[in-house]
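K.L.:
fold the stuff below for me.
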Amino acid sequence: MQWTISFDIPEGGSKINYNSSVFSIGSCFSTTIGDKLAERKFPILNNPFGTLFNPLSIAKVMEDSIFEREVNTDMVLVRDSLFLHFGMHSDMAAYSLDSLERLIQKKQQLTKQFLENASHILVTFGTAWVYEYGESGQIVANCHKQPAGLFGKRLLKQEEIQNTYSSFFNILRQFNKKAKVLVTVSPVRHTRDGIPENQLSKSILRLSAHELSENHDFVEYFPSYEIMMDELRDYRFYKEDMIHPGTQAEDYIWERFKQSWIDPKCYSVIHEFEAIKRDLNHRPFNPDSPSHMKFLESLQKKLDKLSKDFDFSKEIDALRKQVHHRGK
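P.N.:
Below is the predicted model of the structure:
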């Protein structure tokens, strides 16, 4: 008996391999796929400004980085003794205005370097609902829990998204002629806007993504939203909040992404790295047994060998702490 509807996803051109350089930005899906790529040691810069939800804020931080624009201090606020910026996620926080400016400038420089050399840029649209700040009417990426009266809320028009990205892509192509752009719509449901309102938002985002892929030969669409809505059409694939995809769903979408966009020649290496991750997460019945100590030593030798070509410094440090602790 068939319990789900599956659909074909076209294979991407110029697939990702270990010589690629990936820049991932946008909603939670970008972070999720970015984390999975990073865990498998693909070169990637993952959401340097934190999670961003609306398409216009996503484009703005990339464009500001390319042009190395000064930080707009009119968009800075202080909350709980921390300095934040309305154009970025609360991950971008500092204890002084000067420190926040330096942090943002550092992220901009890193973003510019990555965008200049990126082979793939993964952009995830989360919502078409935006909030405009004060009299200036500037669109914010995050309201940072400020009073609702400070903002006006509206729905982006598809033409706004089109025009913004057509302009940004013109800039990008002068800056980086080789990058492939993968656009996707986040499978995370923004239920706070309302269920009908969320569907309206996703429809605008999906139409925008379609038009961008149709009008630019270096832009392709990956159907993460459709996978969640159709292939995984059951609440058991969500987390307890019934909004975010659960671990099974994230793993499933990753596998579909891998089949579509990862070079099959990388699969054997990916499987080896996934096995190492499982070994690192292994919890033995008796941590002090000679067999487990031998297991840890064997794993450390494997990591030492792989670290000649890949960065396993964090894993090696964590493993050495285990060995040191067990050796006491």
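K.L.:
what does the domain assignment say about this protein?
P.N.:
22-263, 282-328 (automatic domain parsing).
K.L.:
right, and those - which one's nearest I276?
P.N.:
When the domains of the chain are compared by C-beta to C-beta, domain 282-328 sits nearest I276, at 6.9 Å. Glycine gets a C-beta too; all of them are placed from N, C-alpha and C.
K.L.:
pLDDT of that closest one, averaged?
P.N.:
Taken as a whole, domain 282-328 has a mean pLDDT of 74.
K.L.:
and the domains of the chain, which one averages the lowest pLDDT?
P.N.:
Comparing mean pLDDT across the domains of the chain, the lowest value falls on domain 282-328: a mean of 74.
K.L.:
just how off-centre is it within its chain?
P.N.:
Chain-centre distance of domain 282-328: 29 Å, with C-alpha atoms, centre = their mean, to the nearest Å.
K.L.:
tell me where the stretch 151-300 of the chain has strands.
P.N.:
In chain order, the stretch 151-300 of the chain shows strands spanning 151-155, 180-185, 219-221, with DSSP state E, counting those that start in this stretch as the criterion.
K.L.:
on that earlier part again, can you tell me which of the domains of the chain is most buried?
P.N.:
Across the domains of the chain, averaging neighbours per residue (mean count of other C-beta atoms under 10 Å) puts domain 22-263 on top, at a mean of 18.
K.L.:
first to last residue in that domain, what's the distance?
P.N.:
In domain 22-263, first residue to last residue: 14 Å (C-alpha to C-alpha, to the nearest Å).
K.L.:
once you drop chain neighbours, what's closest to L319?
P.N.:
Spatially, and ignoring its direct neighbours in sequence, L319 is nearest to Q300 (5.3 Å; C-beta to C-beta, 6 or more residues apart in numbering).
K.L.:
output stretch 86-105 as CSV, nothing but the C-alphas.
P.N.:
Only the C-alpha atoms of stretch 86-105 are listed here, as CSV (Å, rounded to 0.1, in the frame of the first residue of the first chain):
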residue,chain,number,x,y,z
PHE,A,86,16.6,45.5,13.0
GLY,A,87,18.1,44.3,9.7
MET,A,88,19.5,41.1,11.2
HIS,A,89,18.8,38.2,13.6
SER,A,90,19.3,38.5,17.3
ASP,A,91,22.4,36.3,16.9
MET,A,92,24.0,39.6,15.8
ALA,A,93,24.3,41.2,19.3
ALA,A,94,27.0,43.1,21.2
TYR,A,95,27.4,45.0,24.4
SER,A,96,28.2,48.3,22.7
LEU,A,97,27.3,50.1,19.5
ASP,A,98,31.0,50.1,18.4
SER,A,99,31.2,46.4,19.0
LEU,A,100,28.1,45.7,17.1
GLU,A,101,29.3,47.8,14.1
ARG,A,102,32.6,45.9,14.2
LEU,A,103,30.8,42.5,14.3
ILE,A,104,28.5,43.5,11.4
GLN,A,105,31.5,44.7,9.3
